[in-house]
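> Quick one, fold the following:
(one chain, ligands or ions: 1)
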Amino acid sequence: MEFWFSEYQSKNVKMSYRIRMQLHREKTKFQELAVFDSEDCGRMLILDDVVQLTMKDEFVYHEMMSHVPLFTHGNAKKVLVIGGGDGGTLREILKHPVEEAHLVEIDEGVIEAAKNYFPELSVAFKDERAKIFCEDGIAFIKDKKNFYDIIIIDSTDPIGPAVGLFAKEFYNNVYEALTEDGIFVAQTESPFFFSELLKRIYKDVSSIFKYTNVYIATIPTYPGALWTFTMGSKKINPLERTVDKIDFDTKYYTPEIHKAAFVLPAFVKKIISG
Ligand code: SAM
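Numbering: from 1, shown residues only. Next up is the predicted model:
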């Protein structure tokens, strides 16, 4: 049955979608999970009334979360995703010649929903290089030292179990878990609606990593559409890397987009410098 679903993008702004049908709803151990079939955006994954992905624009987020750090590194063998239980980021990572890609998702319900309703994303789980852990990423990372070339934080907003994924102590543990030329990327929300959070994360990451850079992409179904990613790198200067060519299909990412993504609007520069 048709209905409208609205997400609060801030306290005073809502974005609404015409939904053809609710395909699934459950209360998992960690959150309220829903899968909708929407009129213009296709299938959507919703957690606690917040849009996690839509089939219309998921490729932008997942390609930018993965290809930017992987091409910046250039030789990643072991990659870790924390969160990302839908499988989209993992799918993109596995387009690279990595040896192992680990995914740590706290909520098994998200993984099951992805398998049942988002086969285009969860296809990644079948790759023999992929290993899935249903655990809290914050605890998982604590005893890992000098192990991963890349760590990607594909988390929900900083509420509930994800709060600790935005903490300085966690970033310190991520640093320790990375190899000597390791790179970390986190989704760091909307510069329009979460500027204080972005500012704080940039400050924390800069105090730990040699290089800290913010890059951007346009994701229409996320608050404000303009989305930020914060990268911390131990040794490689991301701005000195150029990507010549890519030998797989993408829908958003190109070598030119890679370079351009690090060029920030004046107001974003101000947020992170202030
Ligand atoms: N692209 C999305 C966005 O920006 O809205 C994120 C998608 S992905 C579904 C986020 C996942 O992070 C959720 O499935 C959630 O269960 C997981 N998550 C939250 N806190 C976590 C934690 N502490 N450890 C591991 N996974 C966590």
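> hey, let's count contacts and neighbours off CA atoms from now on
Will do.
> List the residues that contact Asp204.
Applying Cα atoms under 8 Å, 6 or more residues apart in numbering to Asp204 gives the contacts Lys168, Tyr171.
> where's it, which helix or strand?
Secondary structure from DSSP states H and E places Asp204 in helix 195-206.
> That helix and the ligand, any residue contact?
No: Helix 195-206 does not reach the ligand (Cα under 6 Å from any ligand atom); its nearest approach is 13.7 Å.
> shift numbering so it begins at 15
That works, and once the first residue is 15, the last one we named lands at helix 209-220.
> residues making contact with the following helix or strand past that helix?
Sequence-wise, the next helix or strand downstream of helix 209-220 (DSSP H and E) is strand 225-232. With contact meaning Cα under 8 Å, 6+ apart, strand 225-232 is reached by 74-75, 78, 216, 219-220, 239-252, 275-278.
> Quick one: mean pLDDT for strand 225-232?
If you average the pLDDT over strand 225-232, you get 98.
> strands paired with it, and their directions?
strand 240-247 (antiparallel) (DSSP bridges).
> CA atoms only: put the partner strand into CSV for me.
Provided in CSV are the C-alpha atoms of strand 240-247 (Å, rounded to 0.1, in the frame of the first residue of the first chain):
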residue,chain,number,x,y,z
LEU,A,240,26.7,17.5,-0.4
TRP,A,241,28.5,14.8,1.6
THR,A,242,32.0,14.7,3.3
PHE,A,243,34.5,12.0,3.8
THR,A,244,37.5,12.5,6.0
MET,A,245,40.8,10.7,5.1
GLY,A,246,43.7,10.2,7.5
SER,A,247,47.0,8.9,5.9
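> list the helices and strands the helix or strand just after it packs on?
Along the chain past strand 240-247, the next helix or strand (assigned with DSSP H and E) turns out to be helix 269-275. Judged by 3 or more Cα pairs under 8 Å, 6 or more residues apart in numbering; DSSP states H and E, the packing partners of helix 269-275 are strand 225-232.
> and the strand it packs on with the ligand, contact?
No: Strand 225-232 stays clear of the ligand (Cα under 6 Å from any ligand atom), getting no nearer than 12.2 Å.
> Pretty sure Phe207 sits against Tyr236.
No: with contact defined as Cα atoms under 8 Å, Phe207 does not count as touching Tyr236 (10.5 Å).
> what do the two both touch?
Residues touching both Phe207 and Tyr236 by Cα under 8 Å, 6+ apart: Gln23.
> between those two, who's got more neighbours?
Taking neighbours as other Cα atoms under 10 Å, Phe207 and Tyr236 compare with Tyr236 leading, 21 against 16.
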